[in-house]
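Undergrad: Fold the stuff below for me.
(chains A and B)
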Amino acid sequence: MNLSVEHVTAGYGSKPVIFDISMALASGEVLCLLGANGSGKTTLFKAILGLLKPSAGRICVDGEDIAHWSRQRLAKTLGYVPQAHTPPFAFRVLDVVLMARSVHTGVFSSPGKRDIVIAEEALERLSIARLAGELYTELSGGERQLVLIARALAQQAQMLVLDEPTSNLDFGNQMRVLRHVNELAQSGLGLLMTTHFPDFAFRCASQVALMKQGRILALDRPEVTLTQASLEAAYETPLRIAEAGLGMRVVVPKLN
Amino acid sequence: MPARASRTGWIFAALWAALVALTIGSLLFGRYSVPLQSWWGILSDPDSTGLPGIVLMQVRLPRVLAALLIGGALSVSGAAFQGLFRNPMASPDILGAYAGAGFGASLGILLGFSIVGIQLLGLVGGLAAMLLVWTLGSTATRMGGDPTLTLILVGIIMREAGMALIRLTEYVADPHGKLAAITFWLVGGLAAVTPHDLQFAAIPILVGVIPLLLLRWRLNVLSFGEEEAKALGVNPWRIRIVIIVCSALISAAVVSIAGMIMWVGLVIPHLARMVVGANHKALLPASFLIGSIYLLLVDDCARGLFALEVPLGILTSLVGVPFFLYLVFRTRMARA
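TA: Numbers count the residues shown, from 1 in each chain, chains lettered A, B, ... in the order given. The predicted structure follows:
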């Protein structure tokens, strides 16, 4: 499966926030979106998820424009993983994951036995099956983020869109999420994720898009996109890129 | 979760048993004694004109059924509202739907309409109030207000506007006839419910409750917010409209036969959530049962506490307000 963003301009009201964005993501790939706050990452996500209509350009799945797809069809193709949040009610974890099955059940019906099996498998895949009976509102931020990824898996979408899945997590949980991101890509899903940490893009991305003020500065493999010059331009802070051994690169910011 | 599923099953069995026992008890309860042994005779001969038959079939049964239906329906629409607005402080009475329906209905009484006409005007008033609260609330939130608080404030304003309009209809009503009718009805009570009233209110109440019960799983998805619901493949607008129209229908039907019975729709869903959890799949049916039990109990108190009947609407407020305060402090404590 192939998701392509073709010359998309989108925004709120008559004011565009992103301009002429093009990128493509295939199954099994991870496309990382990097950029400073306000660079248009969220707006691009909204356009891709069909929550915001592009004022120009189109978004295609396997060459087919998704502008006129129904919510259901879109949800069966693209799964959305929001940042870990606190809903107003204390749902059980299994119920939160089961909500993803709504798109596969009738309007007046509730998920059945088969849906429960699928939800439990999704929790199993992220090694959090033990949380099924817990209250979602009482989990840690890292556990909640994993539950939301499990929910997108239970939706059985082929591409996942993850909105800063590592923000607000401690170091260990960030790495756990990244490990799962890599595993999911290896299992054949396409993943599009935003992150604030260029290092994470080095760890898991097949492609990196660097955004600034609603435009793409660079889009290529991490080693090509993430250079000292491009990152300094994107974040407006001095830094350098170091070799950490084993062929791993890391970004080292300069504070003075 | 087989353990949890069976626990929920037991809770529902217990609620049903309590409801049946309380229904029989309420039918037996009253100054005029109609013992259980005489029921079969009365039920098998519907044309019986004896006093026991009239007391049971014409007075107590409609009143008990009305309490069951109204308590259940108000609670279900309250639970649906809380899910819809993602706001545990929301309910049709808090958000001004009853006041809107009440104004429509009192206008209907003033104009001398039949019960169907009163309900229709009540429906229009309730719908208008809800749409206004919705639009004003979401506009104010977009302008940067706290969504929970803004909605409640707009609702309170709408309720006050509705109450002012109701007082206006009282002011212009004929003091020797309709004024008493409007005032008596406004206080809220089931003392005057006739089998005929019940028939005309039961249909819109059920038409309102059934879609809410059918949509209860979708309410879960909706309570995660608009964008997430859409990304999960659910069209929030269609469901919102169904919930608002159904709740307006329930409010109008209830207000037209029982007046302003406040606080039930806000308090009972909280009680139900404590018993069965947040999942609307169990929450809505549990709210119905607990609401039925609650209103039957309160109505029995209204009938029996004092020699003179206490209006039901006053009792639900007297019970509801402290319970709500308790809830507010309990949630604050839990968060701290």
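Undergrad: how many other residues sit next to residue 214?
TA: All of this is about chain A. Neighbourhood size, A:Gly214 [other C-beta atoms under 10 Å in any protein chain shown]: 21. Backbone N, C-alpha and C define where each C-beta goes, glycine included.
Undergrad: wrong one, I was asking about chain B
TA: Residues lying near B:Leu214 (other C-beta under 10 Å) number 16.
Undergrad: Would you mind measuring from B:Leu206 to A:Ser109?
TA: Using C-beta to C-beta, to the nearest Å, we find B:Leu206 at a distance of 20 Å from A:Ser109.
Undergrad: And the two? Which one has more around it.
TA: B:Leu206 (14 against 11).
Undergrad: Excluding covalently adjacent residues, which one is nearest to that one?
TA: Of all residues not flanking B:Leu206 in the chain, B:Leu69 sits nearest, at 7.8 Å (C-beta to C-beta, 6 or more residues apart in numbering or on different chains).
Undergrad: With B:Glu170 instead?
TA: The shortest distance from B:Glu170 to any non-neighbouring residue, by C-beta to C-beta, 6+ apart, is to B:Ile182 (5.4 Å).
Undergrad: Ok, B:Pro52 next?
TA: Excluding its sequence neighbours, the residue lying closest to B:Pro52 (C-beta to C-beta, 6+ apart) is B:Val34, at 4.7 Å.
Undergrad: cool, and B:Phe103?
TA: Excluding the flanking residues, the one nearest B:Phe103 by C-beta to C-beta, 6+ apart is B:Leu165, at 4.4 Å.
Undergrad: sec struct for that neighbour, please.
TA: Using DSSP: H, G, I helix; E, B strand; the rest coil, the structure places B:Leu165 in helix.
Undergrad: Quick check: it vs B:Arg159, distance?
TA: Look at B:Leu165 and B:Arg159: by C-beta to C-beta, they are 11 Å apart.
Undergrad: So between these two, which is more surrounded?
TA: Between B:Leu165 and B:Arg159, counted using other C-beta under 10 Å, the more crowded position is B:Arg159 (22 against 18).
Undergrad: For the residue nearest to B:Pro311 when sequence neighbours are not counted, which residues are in contact?
TA: Nearest residue to B:Pro311, sequence neighbours excluded (C-beta to C-beta, 6+ apart): B:Val187, at 4.1 Å. For B:Val187, the contacting residues are B:259-260, B:311, B:313-314, by C-beta atoms under 8 Å, 6 or more residues apart in numbering or on different chains.
Undergrad: filter these to the buried ones?
TA: Listed as buried from these are B:259-260, B:311, B:313; burial here means 16 or more other C-beta atoms under 10 Å in any protein chain shown.
Undergrad: Neighbours of the residue of chain B found nearest chain A, how many?
TA: For chain B, the nearest residue to chain A under the criterion C-beta to the nearest C-beta is B:Gly233, separated by 2.8 Å. Per other C-beta under 10 Å, the neighbour tally for B:Gly233 reads 24.
Undergrad: Pretty sure it sits in a strand.
TA: No: going by three-state DSSP, the assignment for B:Gly233 is coil, not a strand.
Undergrad: shouldn't it be in contact with A:Leu78?
TA: No: the criterion here is C-beta atoms under 8 Å, and B:Gly233 misses it with A:Leu78 at 9.8 Å.
Undergrad: Relative to B:Ala252, how far out is B:Gly108?
TA: For B:Gly108, the distance to B:Ala252 (C-beta to C-beta) stands at 10 Å.
Undergrad: Comparing those two, which shows the higher neighbour count?
TA: Remark: of B:Gly108 and B:Ala252, B:Ala252 carries more neighbours, 31 against 25, as counted by other C-beta under 10 Å.
Undergrad: and the closest residue to that one other than its chain neighbours, what does it touch?
TA: Among residues not flanking B:Ala252 along the chain, B:Gly122 sits closest, at 3.4 Å (C-beta to C-beta, 6+ apart). Going by C-beta under 8 Å, 6+ apart, B:Gly122 touches B:101-102, B:104-105, B:108, B:251-253, B:255-256.
Undergrad: hang on, the earlier thing: what sits in contact with each of B:Gly108 and B:Ala252?
TA: Common contact partners of B:Gly108 and B:Ala252 (C-beta under 8 Å, 6+ apart): B:119-120, B:122.
Undergrad: Could I get the average pLDDT for stretch B:45-56?
TA: Across stretch B:45-56, pLDDT averages out at 76.
Undergrad: Sorry, slip of the keys, the one I care about is stretch A:222-234.
TA: Mean pLDDT, stretch A:222-234: 91.
Undergrad: Work out the gap between that stretch and the centre of the chain.
TA: Distance of stretch A:222-234 from the chain centroid (C-alpha atoms, centre = their mean, to the nearest Å) equals 21 Å.
Undergrad: Could you do stretch B:40-55 as well?
TA: For stretch B:40-55, the distance to the chain centre is 31 Å (C-alpha atoms, centre = their mean).
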